[in-house]
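> sequence and predicted structure, then a few things I'm wondering about:
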Amino acid sequence: MKVIIGQGSCGIATGAKKTEAEFEKQIKEKNVNVTLDFTGCVGTCYLEPIVDVYEDNGDMTRYVKVQPDKVEKIVEEHLIGGKPVEEYAISAEDQQFLAKQERIVLRHCGHINPEKIEEYMAVGGYEATKKVLTSMTADEVIGEIKTANLRGRGGAGFPTWFKWNAAKGNPGKNKYIVCNADEGDPGAFMDRSVLEGDPHSVLEGMIIGGYAMGATEGVIYCRAEYPLAIKRLEIALEQAREKGFLGKNIFGSGYDFDIRIKAGAGAFVCGEETALIASLEGERGMPRLKPPFPAARGYWQAPTNINNVETFANVSWIIMNGGEAFAKIGKGPSTGTKVFALAGKIKKGGLAEVPMGLPVRDVIFGIGGGIKNDKEFKAVQMGGPSGGCIPASLIDTPVTYEDIVKTGAIVGSGGMIVMDEDTCMVDMARYFLDFTRKESCGKCNYCRIGTKRMLEILERITRGEGRDGDIELLEELAGKIKDGSLCGLGQTAPNPVLTTLKYFRNEYEDHIYNHKCTAGSCKALIHYEITDKCIGCTACSKKCPVGAISGQVKGQHVIDQTKCIKCGKCEETCKFGAIVRK
Amino acid sequence: MSEKCCCAGEKFKELQPVLDKYAKVPGSLITILQKTQEIYGYLSMEAINHISEATGIKPAKIYGVATFYAQFRLQPVGKYLIMLCQGTACHVNGSEMIEEAVCEHLGIKDGETTDDGVFTLNNVACLGCCSLAPVMMVQSAEGNETYGNLTKDKVVKILDEIRERA
């Protein structure tokens, strides 16, 4: 019997380590003969900590939300008694979260121990590398990736084969292949999950890509905010070297290749290729003019190819199953699958890998279970600070690079932040502009100053001080910033404003002309009132920090609007739902 | 502005192995700064000058790199560094309210340290635990601990527990 505990960052954050310690203690105390092991992120983050119990015949029972207090019962009844504890097991409904997915990138996540190369090899790991290095030419590899039509999963969707081919064609004594693991989009965490749950699949993608373009070295540029991913990558690299999958003369092919990790230092702009290269060289991460493209002159002026984590994780599957099999999945020119990170006001947050072309509705309602507290779905934000909001009316848009762009958003790295009726769209736009304004590297005037000016306008609108003409001014600035910026950060920075203006213009107008925030989120534009549900318990008046609430015991209280600072403490305190926000 | 001082080497002796390994390797400045911060908790002007002498990179340039990236700090931090996630999912789920609660409870703002030197508060972009939003990570010599599904009450309770330990 085997007990496996999910230990990605989110599992650990919900207490997986404590659960593990409790299992260890119980197993020792009760002298039970089971193996205790761990795996990466299973993907159903909303059910963490997750514990899988495997019988010797391979049958598996999945337990969810296993806090230490549940462990004793599982050990006694299941591990010792042989009878699964039904009440702690995953429900049939929750099983649908994974059952509705099609997993290529995440195929091993939640199944293997990411710190043991043997487990990766037992599920066919490094077979693709062996096949490539011992029986394929570089052109054949590139051809296979071309047949698959694998496109960059980091956001832009640029054909991967084209980049590999360009880097291959450019002469250079040294050539580099770089893995962009600087998942900077706030709200996306699929790359972290892959690195933590299946690091070898990324290494394999890099070795194969490196062979195809003739790279002499690989570098993984990983966010410093992901300490666990870096640790597991280091272990994976060490093990791959020991097995001879990295180093000199890999698989007797004569191909020499090794990979090292560089920890990023926190700059969103480093998602841009030339900025990332500057950062690798120890400089401020500022982009430069292209051409020359990195494929011609990149890291230390040598031909360089940069792909994202998820892109690399697809490569070994394509080699083993063929480009055609991959191209059959998906819709039109968007082939294969895409991993989406579901978060925000969604019932079931986690990772959903689906074939490209599935409608957004199927991802959010089919897999994600719909909106928290059964509120009304308002919009989904895709593509992070470079993307936009897709409104409820377009929820049947298929998730392909082409269809999503038509809405004004982008697929991006795959973050899907779901918003309900309580989310103010002007505030969302303000949030993203605040982000891009901070992250602008400062090289281009329009990006550096323009985003600041746009933010100021959005701030005054959410403060209730919006002026006639502000919307037009935002639109004018947005156009100028797009035209006047060198890199993707500036060119896409206005997108969150433009898409919310396109679909939720009435909210902007409500803020400016009617001094009203329909979502009830902008503090300056709301007020609290006490209804006749009030029984006069005085709890709210005791809690109010400014003494704005008055009234007799057992009589309806009132709020003095001139004193109220709209902190919301009264609403939180009231047990009778008598305080409403308007 | 670089100060030649016989005791500098003594003062930064923990850093010496790092400098021995990376000082002459091109492109290693960020790595050196990361290791320096790991050892001393922040980048002091003294440390920057010391790195400048060892690497030959001008202090102004080092300062430029250090201030460009969000990770680097030029001021010392408290024993426990609260990294409060302000990612999109956390924002939608009320991270601003959590920030208010933390600020009110500790009497500090973003980037500040409590008078007793126990806590420093830093807003960060995204910790990648979006399905547990709102989230914070507390960094200390004990390691990194992540807390999810925060509420105003929960975050205050967590901070009180940490303070008792400190």
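Thanks, I have it.

> how far out from the middle of the chain is the helix or strand harbouring residue A:316?
Assigned by DSSP states H and E, residue A:316 belongs to helix A:309-321. Centre-to-centre, helix A:309-321 and its host chain are 19 Å apart (CA atoms, centre = their mean, to the nearest Å).

> what of stretch A:94-110?
So, by CA atoms, centre = their mean, the centroid of stretch A:94-110 is 16 Å from its chain's centroid.

> now it: buried residues?
A:94, A:97, A:98, A:101, A:103, A:104, A:105, A:106, A:107, A:108, A:109, A:110 (16 or more other CB atoms under 10 Å in any protein chain shown). Quick note: C-beta positions are derived from backbone N, CA and C, even for glycine.

> show me which residues of chain B are close to chain A?
B:26-31, B:33-34, B:64-65, B:68-72, B:86-89, B:91-93, B:97, B:124-133, B:135, B:144, B:146-148, B:152 (CB under 8 Å from any CB of the partner chain).

> domains in the chain, as residue ranges please.
Looking at chain A here, since you left the chain open. Domains of chain A are assigned by automatic domain parsing as A:2-99, A:117-327, A:331-420, A:425-513, A:527-581.

> oops, I was thinking of chain B
Chain B is divided into the following domains under automatic domain parsing: B:8-68, B:80-165.

> could you dump these into a markdown table and include mean neighbour count and mean pLDDT?
Shown next, in a markdown table, are these (neighbours: other CB atoms under 10 Å in any protein chain shown; pLDDT from 0 to 100):
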| stretch | mean neighbour count | mean pLDDT |
| --- | --- | --- |
| domain B:8-68 | 17 | 94 |
| domain B:80-165 | 20 | 93 |
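
> would a markdown table of those domains with distance to residue A:522 be doable?
A markdown table is the format used below for the domains of chain B (distance: least, CB to CB, whole Å):
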| stretch | distance to residue A:522 |
| --- | --- |
| domain B:8-68 | 33 |
| domain B:80-165 | 11 |
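
> grab the most central residue of the chain for me.
I'll assume chain A. residue A:188 (1.6 Å; CA atoms, centre = their mean).

> that answer is for a different chain, and I need it for chain B
Short answer for chain B (CA atoms, centre = their mean): residue B:73, at 5.7 Å.

> what sits against the residue in chain B that chain A sits nearest to?
Of all residues in chain B, residue B:131 sits closest to chain A, at 2.9 Å by CB to the nearest CB. Residue B:131 makes contact with A:10, A:45, A:46, A:189, A:341, A:342, A:343, A:349, A:350, B:89, according to CB atoms under 8 Å, 6 or more residues apart in numbering or on different chains.

> what about stretch B:139-157, start to end distance?
End-to-end distance for stretch B:139-157: 17 Å, by CA to CA, to the nearest Å.

> ditto for stretch A:430-450
First residue to last in stretch A:430-450 (CA to CA) measures 14 Å.

> and that stretch, anywhere near chain B?
Yes. Stretch A:430-450 is in contact with chain B by CB under 8 Å from any CB, via A:431, A:432, A:435, A:439, A:441.

> tell me if residue A:353 really is in a strand.
Yes. Assessed by DSSP: H, G, I helix; E, B strand; the rest coil, residue A:353 belongs to a strand.

> could you measure from it over to chain B?
Using CB to the nearest CB, to the nearest Å, residue A:353 is found at 15 Å from chain B.

> tally of neighbours for residue A:56?
When neighbours are counted by other CB atoms under 10 Å in any protein chain shown, residue A:56 registers 7.

> give me the nearest residue to it, chain neighbours excluded.
What sits nearest to residue A:56 in space, not counting adjacent residues and going by CB to CB, 6 or more residues apart in numbering or on different chains, is residue A:1, at 6.3 Å.

> surely the one you found meets residue A:58?
No. With contact defined as CB atoms under 8 Å, residue A:1 does not count as touching residue A:58 (11.2 Å).

> out of the two, which sits in the more crowded spot?
Remark: of residue A:1 and residue A:58, residue A:1 carries more neighbours, 13 against 6, as counted by other CB under 10 Å.

> pLDDT wise, what is the more buried one at?
Residue A:1 carries a pLDDT value of 92.

> doesn't residue A:454 make contact with residue A:494?
Yes. Assessed by CB under 8 Å, residue A:494 is found in contact with residue A:454 at 7.0 Å.

> now list whatever residues contact both of the two.
With CB under 8 Å, 6+ apart as the test, residue A:494 and residue A:454 both reach A:477, A:478, A:481.

> ok, the last one touching residue A:497?
Same thing as residue A:481. No. Applying CB under 8 Å, one finds residue A:481 not in contact with residue A:497, separated by 9.7 Å.

> burial count for residue A:119?
Using other CB under 10 Å: residue A:119 sits among 17 other residues.

> what do you get for residue A:442?
12.

> how about it: what's its closest non-neighbour residue?
Closest to residue A:442 by CB to CB, 6+ apart is residue A:448, at 4.6 Å.

> quick one, phi psi at that neighbour?
Residue A:448 adopts backbone torsions of phi -70, psi -50, taken as degrees, to the nearest 10.

> how much space between it and chain B?
With the distance defined as CB to the nearest CB, residue A:448 ends up 13 Å from chain B.

> so how far is residue A:295 from that residue?
Here the criterion is CB to CB, to the nearest Å. By it, residue A:448 lies 28 Å from residue A:295.
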